[in-house]
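Engineer: how does the following fold in three dimensions:
(chains A and B)
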Amino acid sequence: MKINPKDLAAGAVFVAIGGFFAGNAALTLRMGSTLNMGPGFFPVVLGAILVLLGIAIAAEGIGKPAEGFGEVSWRGIALVIGAIVVFGATVRGLGFGPSLFLCVFMAGLSSGRMGWRMAAAVAAVLTAFSIGVFVEALGLPYPIIGRWLGG
Amino acid sequence: MDLIANLAIGFDTALTPANLFYCFAGALLGTFIGVLPGLGPTATVAMLLPVTYYLSPEASLIMLAGIYYGSQYGGSTTAILVNLPGEVSSSVTAIDGYQMARQGEAGKALAIAAIGSFCAGTFATFLIAVVAIPLSAIALKFGSAEYFALILLGLVTSTALAHGSVLRAIAMIIAGMLFGIVGTDVDTGAYRFTLGIVELIDGLSVVAVALGIFGIVEVLKNLENKTGEIVETAKITSLMPTRKDLRAAAGPVARGSVVGSLLGTLPGGGSILSAFTSYMIEKRISKHPERFGKGAIEGVAGPESANNAGAQTSFVPLLTLGIPSHPLMALMMGALLIQGITPGPNVVHTQPGLFWGIIASMWIGNAMLVVLNLPLVGLWVAMLRVPYKLMIPAIVTFSTIGVFTVKNSGFDVQILAAFGLIGYLLHKVGCEPAPFLMGFVLGSLLEEHLRRAMVFSRGDPMVFLTHPISATLLGVAVVVLALIALPAISRRREEIFIEEE
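Structural biologist: Next comes the predicted model:
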């Protein structure tokens, strides 16, 4: 049986999401009745519908020619997502300044069209600009240097 | 007359120096991001949402609205000059606008687009002023059954806007709703899907989810292909259209304004649907349909008027009913909630300055855009030369800071990263983000009204059919769903969206 991998993957994603919510709700939340619906009612129903839709989407792909997923820039994903995660994880410890610098630096490298010197320069400029706007002008209470660095 | 008195309140609010400044800032920023492909108004509004906390409610809404209609102007400028629609809604303009530019009529196309947008904006402003009061009076009579039906209709019509398979769009709405109800259940106080994480008790941050699936995904998409920098731009010649051009454009502008205003008020409507419909109408009624696609001035005048009118009237459902009609309006709703204002039929009575001020500011902002944009066209085109490799760190940085400043929470930043990944995965399997965000915002509202309606009706689901308004709305939803699913129309949809690619 031939099946379009793109449809199969889409179906699988929705079955997973629907299955998780419906399963979690059914196990941990009260369903209630139609008169007095419990917290579990809506998610169980929606999750079940989503599972069915997922199966239908995968079924749509049966007999269809295979579509590719297109190019994926793994390096780009790793650096962009990494930049955000690093900021979230270090903004308290390192402080707003160094943490943001790291974030911009990593995002700058993501395209592969910027050398590390250029990325560092962009990071320095954007960090200084952001500190100026958010900490100085808007007065948000972020320590620029965090406690890991003795700030 | 009430209408004049109300508009006077609006202009009083909108014409204060501070509000004029934010109107100008919003429109200018909107044009800027409209010109830049890869950064849409939805992501921009999400980034600025936390900043509006420091502004008055009027100023913040006026600025965010300015970003929205400003982006329509900016998007059409690049659509005409370089065949690069900065926004989806201006992709229709690119069809004939770019052809005009290639024939040396770029200036004329830009001028017609601006004049058409301004006329449409004026019409839409007055239309909103006329219908707002009666609509909110009707909405005050709405009970939970009616609201349930209305939200459902909004969600169904929003699938009409998604590319490709209807099943995928519906699945995205439902997935969005499920993520939207993570957190504390309003009725019972039960924690749902919090997985023992304290930060999830308040639910997932709208700003983080919206920026993840719109902003970050856009960056990841752009990293895929190595192509990039813009090359040629058409020369701008005389800006002034001739009398003959104006006469040719008058009809399309008038029709575009009406069509756009009407479609804009539909839930799920807005500027994109308006522009496509106007183009189809003009092509259909034209005596020379063969000129379309080869530089017909009607093909620029109609859709440009329609998308601007639609952008403005899409505020109507939010301001009078409290129901956002598309993802960007959902963020506007967030901006109002940040200010402690619950959008709904009462806003027009409790906050007349805010309500009429936004409407008046749209008209003022449109006038500013006409005056500003035509002389500044050269500057906007130069902006296209900003290399995308510089924009990536800027978009990532401001998205991250934007999410962080909402609650000073590092956890929300991780949610941004997670939804960037989830959104990218969904994009790779052929799903669009707009229905997801609609579901995310409206899911808990839908649940609340469903539960309340069932309690009032003592558990009888027939309540949705015995109330005439809710029955009508549900009937319309069924018809819309049937129409979208019909093979003939779904083929048509595909054609439209293929043109747009």
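
Engineer: name the element residue 128 belongs to?
Structural biologist: The chain I'm using is chain A. Using DSSP states H and E, A:Ala128 maps to helix A:116-130.

Engineer: should've been chain B
Structural biologist: Per DSSP H and E, B:Ile128 falls inside helix B:106-140.

Engineer: any residue of the following helix or strand past that helix touching chain A?
Structural biologist: Following helix B:106-140 in sequence order, the next helix or strand is helix B:144-159 (DSSP H and E). No: using CB under 8 Å from any CB of the partner chain, helix B:144-159 never reaches chain A; the gap is at least 11.9 Å. For every residue, glycine as well, the C-beta is placed using N, CA and C.

Engineer: which elements pack onto the helix holding B:Ile128?
Structural biologist: When contacts are defined as 3 or more CB pairs under 8 Å, 6 or more residues apart in numbering or on different chains; DSSP states H and E, helix B:106-140 packs onto helix B:2-14, helix B:57-82, helix B:91-102, helix B:243-265, helix B:298-313, helix B:315-316, helix B:347-350, helix B:352-383.

Engineer: next, the angle from that helix to helix B:298-313.
Structural biologist: Between helix B:106-140 and helix B:298-313, the angle comes out at 30 degrees (axes from the mean of the first three to the mean of the last three CA atoms, to 10 degrees).

Engineer: which parts of helix B:106-140 are buried?
Structural biologist: Within helix B:106-140, the residues scored as buried using 16 or more other CB atoms under 10 Å in any protein chain shown are B:106-125, B:127-129, B:132-133, B:135-136, B:139.

Engineer: tilt between that helix and helix B:2-14?
Structural biologist: Using the same axes, to 10 degrees: helix B:106-140 against helix B:2-14 is 110 degrees.

Engineer: now do helix B:106-140, average pLDDT.
Structural biologist: Across helix B:106-140, the average pLDDT comes to 86.

Engineer: over to stretch B:476-489?
Structural biologist: Per-residue scores along stretch B:476-489 average to 75.

Engineer: pretty sure B:Leu384 is touching B:Asn83, no?
Structural biologist: No: judged on CB atoms under 8 Å, B:Leu384 makes no contact with B:Asn83 at a distance of 11.5 Å.

Engineer: which helix or which strand is home to the residue of the stretch 151-300 of chain B at minimum distance from chain A?
Structural biologist: Nearest to chain A, among the residues of the stretch 151-300 of chain B, is B:Leu223, at 3.3 Å (CB to the nearest CB). Assigning secondary structure by DSSP H and E places B:Leu223 in helix B:217-224.

Engineer: other SSEs contacting that helix?
Structural biologist: The contact analysis (3+ CB pairs under 8 Å, 6+ apart) places helix B:217-224 against helix A:74-90, helix B:388-407, helix B:410-428.

Engineer: relative to helix B:217-224, how tilted is the shortest one?
Structural biologist: Taking the same axes, to 10 degrees, one finds helix A:74-90 and helix B:217-224 inclined to each other by 140 degrees.

Engineer: buried residues, helix A:74-90. List them.
Structural biologist: In helix A:74-90, counting by 16+ other CB under 10 Å, buried: A:76-77, A:79-88, A:90.

Engineer: so can I have JSON lines of the helices and strands packed on helix B:217-224 showing distance to B:Met332?
Structural biologist: Listed next are these as JSON lines, based on distance: least, CB to CB, whole Å:
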{"stretch": "helix A:74-90", "distance to B:Met332": "25"}
{"stretch": "helix B:388-407", "distance to B:Met332": "16"}
{"stretch": "helix B:410-428", "distance to B:Met332": "20"}
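
Engineer: so which of those gets nearest B:Arg247?
Structural biologist: helix B:388-407 (41.3 Å; CB to CB).

Engineer: want to throw the helices and strands packed on helix B:106-140 into JSON lines with distance to B:Leu481, mean pLDDT and mean neighbour count?
Structural biologist: Formatted as JSON lines, the helices and strands packed on helix B:106-140 follow (distance: least, CB to CB, whole Å; pLDDT from 0 to 100; neighbours: other CB atoms under 10 Å in any protein chain shown):
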{"stretch": "helix B:2-14", "distance to B:Leu481": "37", "mean pLDDT": "86", "mean neighbour count": "16"}
{"stretch": "helix B:57-82", "distance to B:Leu481": "28", "mean pLDDT": "87", "mean neighbour count": "28"}
{"stretch": "helix B:91-102", "distance to B:Leu481": "25", "mean pLDDT": "83", "mean neighbour count": "25"}
{"stretch": "helix B:243-265", "distance to B:Leu481": "18", "mean pLDDT": "86", "mean neighbour count": "21"}
{"stretch": "helix B:298-313", "distance to B:Leu481": "22", "mean pLDDT": "88", "mean neighbour count": "34"}
{"stretch": "helix B:315-316", "distance to B:Leu481": "23", "mean pLDDT": "87", "mean neighbour count": "26"}
{"stretch": "helix B:347-350", "distance to B:Leu481": "30", "mean pLDDT": "86", "mean neighbour count": "16"}
{"stretch": "helix B:352-383", "distance to B:Leu481": "32", "mean pLDDT": "84", "mean neighbour count": "20"}
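
Engineer: looking at these, which is closest to B:Met332?
Structural biologist: helix B:57-82 (6.0 Å).

Engineer: hang on, the earlier thing: got the helices and strands packed on helix B:106-140 as CSV, with distance to chain A columns?
Structural biologist: Below are the helices and strands packed on helix B:106-140 laid out as CSV (distance: least, CB to the nearest CB, whole Å):
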stretch, distance to chain A
helix B:2-14, 24
helix B:57-82, 14
helix B:91-102, 20
helix B:243-265, 27
helix B:298-313, 28
helix B:315-316, 27
helix B:347-350, 27
helix B:352-383, 18
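
Engineer: show me the shaky parts of chain A.
Structural biologist: A:151 (pLDDT under 70).

Engineer: could you rerun that using 80?
Structural biologist: Applying pLDDT under 80 to chain A flags residues A:1, A:34-35, A:138-139, A:150-151.

Engineer: spit out the contact partners of the residue lying farthest from the centre of it.
Structural biologist: Each residue of chain A has a distance to the centre, and by CA atoms, centre = their mean the biggest one is for A:Leu35: 37.4 Å. By CB atoms under 8 Å, 6 or more residues apart in numbering or on different chains, the contact list for A:Leu35 reads B:Met454, B:Val455, B:Arg458, B:Gly459.

Engineer: let me know the secondary structure of it.
Structural biologist: Recorded secondary structure, A:Leu35: coil (DSSP: H, G, I helix; E, B strand; the rest coil).

Engineer: and it, backbone torsions?
Structural biologist: phi -70, psi -50 (degrees, to the nearest 10).

Engineer: any idea how far it lies from B:Val463?
Structural biologist: In this view, A:Leu35 and B:Val463 are 12 Å apart by CB to CB, to the nearest Å.

Engineer: overlap of the contact sets of the two?
Structural biologist: By CB under 8 Å, 6+ apart, the residues touching both A:Leu35 and B:Val463 are B:Met454.

Engineer: from B:Gly293, how far off is the residue nearest to B:Val413 when sequence neighbours are not counted?
Structural biologist: Nearest residue to B:Val413, sequence neighbours excluded (CB to CB, 6 or more residues apart in numbering or on different chains): A:Gly88, at 3.1 Å. A:Gly88 sits 48 Å away from B:Gly293, going by CB to CB.

Engineer: repeat that for B:Ser444.
Structural biologist: Relative to B:Gly293, B:Ser444 is positioned 45 Å away (CB to CB).

Engineer: those two: who's more crowded?
Structural biologist: Shown here are B:Ser444 and B:Gly293; by other CB atoms under 10 Å in any protein chain shown, B:Ser444 has more neighbours (18 against 13).

Engineer: mind listing what residue 28 touches?
Structural biologist: The chain I'm using is chain A. A:Gly40.

Engineer: try chain B instead
Structural biologist: The contact partners of B:Leu28, taken as CB under 8 Å, 6+ apart, are B:Gly66, B:Gly70, B:Leu372.

Engineer: ok, B:Met438 next?
Structural biologist: Neighbouring residues of B:Met438 by CB under 8 Å, 6+ apart: B:Gly154, B:Leu155, B:Ser158, B:Ile173, B:Gly176, B:Gly268, B:Pro324, B:His326, B:Pro327, B:Ala330.
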